[in-house]
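*Asks:* I'll drop the sequence and a predicted model, then ask my questions.
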Number of protein chains: 2
Amino acid sequence: MIKAAICGYGNLGKGVEAAMNESRDIQLTAIFTRRGPETVKPVRDGVKVYSYADLPRFRGCFDVVVNCGGSATDLPVTTPEIAAFFNVVDSFDNHSHIPEHLAAMGRAAEEGGNLALVSVGWDPGLFSLARLYMNAVLPEGSDYTFWGRGVSQGHSDAVRRIEGVADARQYTVPVEEAVARVRNGERPVLSAGEKHTRECYVVAEEGADTDRIREEIVNMPAYFADYRTTVHFISAEEMKRDHGGLPHGGSVIRTGSTRGGTESQRMEFSLKLDSNPGFTGSVLTAFARAVCRLRAEGKTGCVTAFDIPPVKLLPGEREDAVAHLL
Amino acid sequence: MIKAAICGYGNLGKGVEAAMNESRDIQLTAIFTRRGPETVKPVRDGVKVYSYADLPRFRGCFDVVVNCGGSATDLPVTTPEIAAFFNVVDSFDNHSHIPEHLAAMGRAAEEGGNLALVSVGWDPGLFSLARLYMNAVLPEGSDYTFWGRGVSQGHSDAVRRIEGVADARQYTVPVEEAVARVRNGERPVLSAGEKHTRECYVVAEEGADTDRIREEIVNMPAYFADYRTTVHFISAEEMKRDHGGLPHGGSVIRTGSTRGGTESQRMEFSLKLDSNPGFTGSVLTAFARAVCRLRAEGKTGCVTAFDIPPVKLLPGEREDAVAHLL
């Protein structure tokens, strides 16, 4: 039985908790939080809750810690801190900063004699693996990644920070015509705005100027300015009733060719998720298992999903996987 | 530069040749055949052709041999023979006999101090990897594999062996309604015949009894009796004009759930291939690269796609893969 701990008890932490509770070989033993530990109520009895500051005291008590903080400011600080004491997994998703994060983690984990696995989830994570396998087997081709229809937490947060906004939810929506062209084997050059549109549902504070809010959203650089963005003002009741979930999904498509371009070949990996944190928690749990197995074989330092032999993700024996899944 | 050889120069061998000719780090240096070597004409000058019987004489000359024989009678004999002298990759696809093949290969490869990788292609191979990742991250769920629309060589051969048949092509076709139900998140229990139908195109010999041929096809045990099978008699010209290619494809779908069944999650991996041997050749080539890399790290014995860290499949540096694909 693998003894695991979770750091951070937001949506993702709860998703990891649920996945560990359903796994047959991983026992969730503790949750660490930066809020007051008394505010956290684990689903199962027997799971202890502690302050994050106390984590180093538990060295040797857990086989792996899953760090469920946010990528913007939390994970770059806390994952290296944790790696000094424990094997650790995170879902750092700021693609352009992954190499830096990997380097920092490698130093921390090596010094602690631990194994760290960073940037797993579905993108980065499963979508990255899909891109890798597709590029390896079809070197001549073009990749396309479409996200959605689904809730982007980062974009929702950006809207919430606008003055006069009480609550907001942003859906990233792939442009159907673009997806159809790629599936049809074309290799179009597509700008960000030609691949996705953005739909915002906003609860305005009483008396707020909705025209100004709309303008601030659609013109926000990086987040919205480059996309066709629609803004819908709704009531708090409608928000709760119609937008309470965190669905997501998307597709990685590679259209390529073999035999000097004479044969067209297409590969696609896609997800349709009722719950993004529920699914991501399940992915992190499988990779936490792999980290424990690789550490038991003596591996230390920092790795990514690209470095993990797939069979390490499964509970049970390699022979069973070969017999039933190959 | 990796020095590679191919054994067998049928459709698959030619697919591997094409993929190696397009790769930047693998040089095809020789082709071995059980036909007369003078009958084989490699695409590129400088590639030598030898008799299969001479293969052991070349020990030390190639980093890896890709064995492109048939799974029914050829690979179970020749892959262990080759593994005694070389690192080797094959596409053994008789799912129920994979564990035996793996055991036989393991002994041969260990004795020769070589590394063997068996059963790669797209199924077994990429589809197996999709099943593994999907099962690992969604332990609660059901898998479905649909093949086609595409030409099954085994079923085409079975029809060709019937008396009075001059030529035949069999297409395996997924039942659209079944695919739609699975994509819709249902978890139906489906028999083989509820998942696929079979379409046969047959050129009859002059004067042959087409009614008898049709009956023999649709009642053939294991191959056709359990499926809705249609038989179309066509001319040799129509066969050449309309059925000259070897297209294939299919989907692996897992519909599962998280958080005690309250959240429905769906994953799908699909292929649409103009040319099955062209694509499979490309897959074998990527895995041949991985075998050379793992052997260089000291690994021997017999492995499957499940044991290979994905990053080993790519030419170039791990850092590039992390920066561009993660």
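*Replies:* Cool, got the structure. Bear in mind the structure is a predicted one, so any value in this text is a computation, not a measurement.

*Asks:* please name the residues that touch A:Met1.
*Replies:* By Cβ atoms under 8 Å, 6 or more residues apart in numbering or on different chains, the contact set of A:Met1 is A:25-27. C-beta: built from backbone N, CA, C; applies to glycine.

*Asks:* out of the residues you listed, grab the one that's most surrounded.
*Replies:* A:Ile26 (24 neighbours; other Cβ atoms under 10 Å in any protein chain shown).

*Asks:* how about the longest helix belonging to chain A: buried residues?
*Replies:* In chain A, taking DSSP state H as the definition, the longest helix is helix A:276-296. The neighbour-count check on helix A:276-296 (16 or more other Cβ atoms under 10 Å in any protein chain shown) flags A:276-295 as buried.

*Asks:* and chain B, which of those reach it?
*Replies:* A:278-279, A:281-283, A:286 (Cβ under 8 Å from any Cβ of the partner chain).

*Asks:* contacts only, for whatever residue of the stretch 101-250 of chain A ends up closest to chain B.
*Replies:* Nearest residue of the stretch 101-250 of chain A to chain B: A:Ala136, at 3.7 Å (Cβ to the nearest Cβ). If you count contacts by Cβ under 8 Å, 6+ apart, A:Ala136 has them with B:286, B:310, B:313-314.

*Asks:* report pLDDT for A:Ser71.
*Replies:* pLDDT for A:Ser71: 85.

*Asks:* typo on my end, A:Met1
*Replies:* The per-residue pLDDT of A:Met1 was computed as 95.

*Asks:* which residue packs closest to A:Glu216, ignoring adjacent ones?
*Replies:* Nearest residue to A:Glu216, sequence neighbours excluded (Cβ to Cβ, 6 or more residues apart in numbering or on different chains): A:Ile162, at 5.1 Å.

*Asks:* check contacts around the spatially most central residue of chain A.
*Replies:* Closest to where the C-alpha atoms of chain A average out (Cα atoms, centre = their mean) is A:Gly121, at 3.9 Å. Contacts for A:Gly121 (Cβ under 8 Å, 6+ apart) come out as A:91, A:93, A:280, A:283-284.

*Asks:* as CSV, those residues with pLDDT would be great.
*Replies:* Compiled in CSV, the contacts of A:Gly121 are given as follows (pLDDT from 0 to 100):
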residue, pLDDT
A:Ser91, 95
A:Asp93, 91
A:Thr280, 98
A:Val283, 98
A:Leu284, 98
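
*Asks:* which one of these is nearest to chain B?
*Replies:* Nearest to chain B among the contacts of A:Gly121, counting by Cβ to the nearest Cβ, is A:Val283 at 4.7 Å.

*Asks:* contact partners for that closest one?
*Replies:* A:120-122, A:125-126, B:137.

*Asks:* scan those and report the most crowded one.
*Replies:* Neighbour counts for the contacts of A:Val283 (other Cβ under 10 Å) peak at A:Val120, which has 30 neighbours.

*Asks:* model confidence for that residue, exactly?
*Replies:* For A:Val120, the model assigns a pLDDT of 97.

*Asks:* list the contacts for it?
*Replies:* A:89-91, A:283-284, A:287, A:304-305.

*Asks:* returning to what we had before: now the residue nearest to the centre of chain A. Nearest residue, chain neighbours left out?
*Replies:* Closest to A:Gly121 by Cβ to Cβ, 6+ apart is A:Ser91, at 4.1 Å.

*Asks:* isn't that neighbour right up against A:Thr285?
*Replies:* No: if you go by Cβ atoms under 8 Å, A:Ser91 and A:Thr285 don't touch, sitting 11.5 Å apart.

*Asks:* need the helices for the stretch 51-200 of chain A, in chain order.
*Replies:* Per DSSP state H, counting those that start in this stretch, the stretch 51-200 of chain A carries helices over the ranges A:75-83, A:98-112, A:126-137, A:153-160, A:176-183, A:192-195.

*Asks:* among those helices, which is the most enclosed?
*Replies:* helix A:126-137 (a mean of 24; mean count of other Cβ atoms under 10 Å in any protein chain shown).

*Asks:* just the mean pLDDT for it, thanks.
*Replies:* Averaging pLDDT along helix A:126-137 yields 98.

*Asks:* send me it as PDB with only the CA atoms.
*Replies:* What follows is helix A:126-137, C-alpha atoms only, in PDB (Å, rounded to 0.1, in the frame of the first residue of the first chain):
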ATOM      1  CA  LEU A 126      -1.900  13.200 -21.400                       C
ATOM      2  CA  PHE A 127      -2.100  15.700 -24.300                       C
ATOM      3  CA  SER A 128       1.700  16.100 -24.100                       C
ATOM      4  CA  LEU A 129       2.100  12.300 -24.300                       C
ATOM      5  CA  ALA A 130      -0.300  12.300 -27.300                       C
ATOM      6  CA  ARG A 131       1.800  14.900 -29.000                       C
ATOM      7  CA  LEU A 132       5.000  13.000 -28.300                       C
ATOM      8  CA  TYR A 133       3.800   9.600 -29.600                       C
ATOM      9  CA  MET A 134       2.300  11.300 -32.700                       C
ATOM     10  CA  ASN A 135       5.400  13.200 -33.500                       C
ATOM     11  CA  ALA A 136       7.600  10.100 -33.000                       C
ATOM     12  CA  VAL A 137       5.600   7.900 -35.300                       C
END
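
*Asks:* list of residues touching the helix or strand containing A:Gly13?
*Replies:* Following DSSP states H and E, one finds A:Gly13 within helix A:11-22. With contact meaning Cβ under 8 Å, 6+ apart, helix A:11-22 is reached by A:4, A:6-7, A:9, A:26-28, A:31, A:42-44, A:47, A:66, A:68, A:91, A:246, A:275, A:277-282, A:284-285, B:139-140, B:258-260.

*Asks:* what is the very next helix or strand once past that helix packed up against?
*Replies:* Later in the chain than helix A:11-22, the nearest helix or strand by DSSP H and E is strand A:26-33. Here strand A:26-33 touches strand A:2-7, helix A:11-22, strand A:48-51, helix A:276-296, going by 3 or more Cβ pairs under 8 Å, 6 or more residues apart in numbering or on different chains; DSSP states H and E.

*Asks:* let's see it at 10 Å
*Replies:* When contacts are defined as 3 or more Cβ pairs under 10 Å, 6 or more residues apart in numbering or on different chains; DSSP states H and E, strand A:26-33 sits against strand A:2-7, helix A:11-22, strand A:48-51, strand A:64-67, helix A:276-296.

*Asks:* show me what the fourth one pairs with in its sheet, parallel or antiparallel.
*Replies:* When you say that, I think you mean strand A:64-67. Each strand that pairs with strand A:64-67, with its direction, by DSSP bridges: strand A:2-7 (parallel), strand A:88-90 (parallel).
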